[in-house]
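>>> return a 3D structure for these sequence lines:
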Amino acid sequence: MRILVVDDEPGILNLIVEFLQNEGHDLEKAANGSEAQAALINHSFDMVLLDLFLPGLDGNELLREIKQKQPDSEVVIITGYGSIPTAMKSFNWGAHSYIRKPFDLKDDLGVVVKEVARTLELRRFFNQYSKQQLELEKLDNLISESPAMKGIVKQIHSLKDNKGSVLITGENHTGKAFIARIIHNIPADSEKGCVYINSKETSELLEKGEIHLKNNKTIQRDSLRESLKSINCRTLVIERLATLSKDNQKSLLEILRCNLFNQDENEQENNPVRVIGIVETIADSGKQPSFLDQELGESFSYHINVPSLNERSEDILPLAYLFLKKACGNEINSPIRISPPVLEFLQIHTWCENLLEMSDLVMTIILKLKSNVITIRDMLNAYTCICKDSQQDLDNVLQQLVNAEKTTLARIFDSDN
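Residues are numbered from 1 along each chain as shown. Take a look at the predicted model:
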């Protein structure tokens with residue numbers, strides 16, 4: 001790591017620098033606030049070790065300056081025993097942690113530096129994952145080999161040139177929120193935000209007049225369009241619509257009609273906000289729950305019904321390989337293969353929990369896998385963990401595993417003859 005050490009005591013300053021250089025880090029040092037400011041102009045740092053009390057410049061003042069100029073730098077405060085309350089206040093300005101004088105170089109400073117390195121590693125991983133996730137959340141990457149999903153892709157394509165509201169329905173864990181993110185990412189200016197509010201937040205908005213979201217963002221009921229514009233929102237996703245009370249559903253419809261539905265062309269051009277509602281349908285019926293207000297449901301311009309995994313047989317194997325790739329990441333060098341009986345099982349299995357079940361299954365298998373081939377035994381071991389609270393579910397899986405192995409063996413026998 002590249003580290004800046006700021007301390008007005010030469011003995012401590014040189015001791016820290018020498019220790020960290022021996023640990024393999026790239027060091028810069030500053031004996032006062034002015035030298036630290038100059039170093040921050042000329043270099044970027046992963047970590048700053050900052051003495052709280054400096055001549056000419058308060059340590060917390062310098063901390064605020066560091067977080068403004070180099071927000072990704074992690075700052076560790078160096079403080080004396082009597083100044084701990086002041087050091088604690090530095091957390092309000094973004095300090096990572098503090099270390100108290102006198103400290104042991106290896107057991108105290110060394111541990112803190114390793115913690116900072118771990119923080120930076122996790123941040124890099126998260127940033128990389130976020131970029132990969134954003135790339136996945138594009139229409140071209142939506143797995144759509146099945147006729148049902150081809151129809152979904154066609155519907156999404158039709159939304160490119162307008163801001164019409166969309167109602168997305170589907171069983172639990174079919175990827176409704178994922179489809180919403182893909183719709184949000186269609187236009188080129190997708191840097192504008194996508195705001196999600198759940199049923200609890202929606203009720204609070206309707207009953208109390210406003211809700212406070214993360215990052216100090218506020219949405220106000222009586223000026224919905226303006227407050228969404230002020231937080232740079234281009235897509236408003238309202239989840240679990242059908243769980244709202246009937247009165248709140250009617251109130252929501254009235255507010256959406258006044259603010260976002262039925263906008264004229266000028267309004268859409270100046271403040272284009274798409275509303276996406278998400279509703280869970282009843283399994284095996286494909287119908288939206290009777291407790292969704294009919295008028296609210298019909299007020300959306302477009303309706304997309306996301307099929308269950310059992311209706312996407314052509315997508316099952318591509319999805320399994322996708323989850324396998326995500327579960328393995330870069331941790332496994334040799335590619336993992338899926339044995340023929342397991343491939344057969346994946347096709348004939350009834351996916352009660354849809355994508356969540358497949359994701360959990362693959363992750364459980366990878367955690368327990370002892371070779372680079374996924375076998376029927378691996379599937380059984382994984383489902384023994386997943387279905388530990390339901391013997392009936394485990395019995396059903398066991399029967400499907402047996403049938404899959406029989407079918408595979410019969411196919412091999414027929415090909416030999």
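>>> and S339, how far is that from V373?
Here the distance between S339 and V373 works out to 6 Å (CB to CB, to the nearest Å). Any C-beta I mention is one placed from the backbone N, CA and C, and that applies to glycine too.
>>> so which of the two has more stuff around it?
Between S339 and V373, counted using other CB atoms under 10 Å, S339 has the larger neighbour count: 18 against 12.
>>> list the residues that contact the closest residue to that one other than its chain neighbours.
The shortest distance from S339 to any residue other than its chain neighbours is 5.1 Å, reached at T375 (CB to CB, 6 or more residues apart in numbering). Residues in contact with T375, defined by CB atoms under 8 Å, 6 or more residues apart in numbering, are S339, P341, V342.
>>> coming back round to it: what residues are shared contacts of S339 and V373?
When contacts are counted by CB under 8 Å, 6+ apart, the set common to S339 and V373 is empty.
>>> M1: what's it in contact with?
Here M1 is in contact with H25, D26, D46, M47, V113, V116, A117, L120 (criterion: CB under 8 Å, 6+ apart).
>>> what do you get for V273?
By CB under 8 Å, 6+ apart, the contact set of V273 is K163, R225, L228, K229, C233, R234, T235, L236, L260.
>>> let's see 10 Å
By CB atoms under 10 Å, 6 or more residues apart in numbering, the contact list for V273 reads 163, 165, 192, 195, 224-225, 228-229, 233-236, 259-260, 263, 267.
>>> make a markdown table from the contacts of T375 and add secondary structure, pLDDT and distance to D293 to it.
Rendered in a markdown table, the data for the contacts of T375 read as follows (DSSP: H, G, I helix; E, B strand; the rest coil; pLDDT from 0 to 100; distance: CB to CB, whole Å):
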| residue | secondary structure | pLDDT | distance to D293 |
| --- | --- | --- | --- |
| S339 | coil | 90 | 49 |
| P341 | helix | 91 | 48 |
| V342 | helix | 93 | 45 |
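>>> going by distance to I41, which of those wins?
Distance to I41, by CB to CB, is smallest for V342 among those, at 58.6 Å.
>>> the nearest residue to that closest one once chain neighbours are set aside pairs with what?
Beyond its immediate neighbours in the sequence, the residue positioned closest to V342 (CB to CB, 6+ apart) is I374, lying 5.3 Å away. Beta-bridge partners for I374, by DSSP bridges, are I338.
>>> quick one: I374 from S313, how far?
Distance check for I374 against S313: by CB to CB, it reads 19 Å.
>>> distance check, the residue nearest to S339 against L205.
Look at T375 and L205: by CB to CB, they are 51 Å apart.
>>> show me what counts as buried in stretch 44-51.
Taking 16 or more other CB atoms under 10 Å as the basis for neighbour counts, the residues of stretch 44-51 that come out buried are F45, D46, M47, V48, L49, L50, D51.
>>> typo on my end, it should be stretch 207-224
Neighbour-count burial for stretch 207-224 flags I211, K217, I219, R221, L224 (criterion: 16+ other CB under 10 Å).
>>> how long is stretch 208-225 end to end?
Start and end residues of stretch 208-225 are separated by 17 Å (CA to CA, to the nearest Å).
>>> and the contacts of it?
The set of residues that contact stretch 208-225 without belonging to it, under CB under 10 Å, 6+ apart, is 193, 195-197, 200-207, 226-233, 236, 251-252, 255-256, 258-260, 263, 267, 270-271, 273, 275.
>>> ok, now with 7 Å
195, 197, 201, 204-206, 227-228, 231, 255, 259-260, 271, 273 (CB atoms under 7 Å, 6 or more residues apart in numbering).
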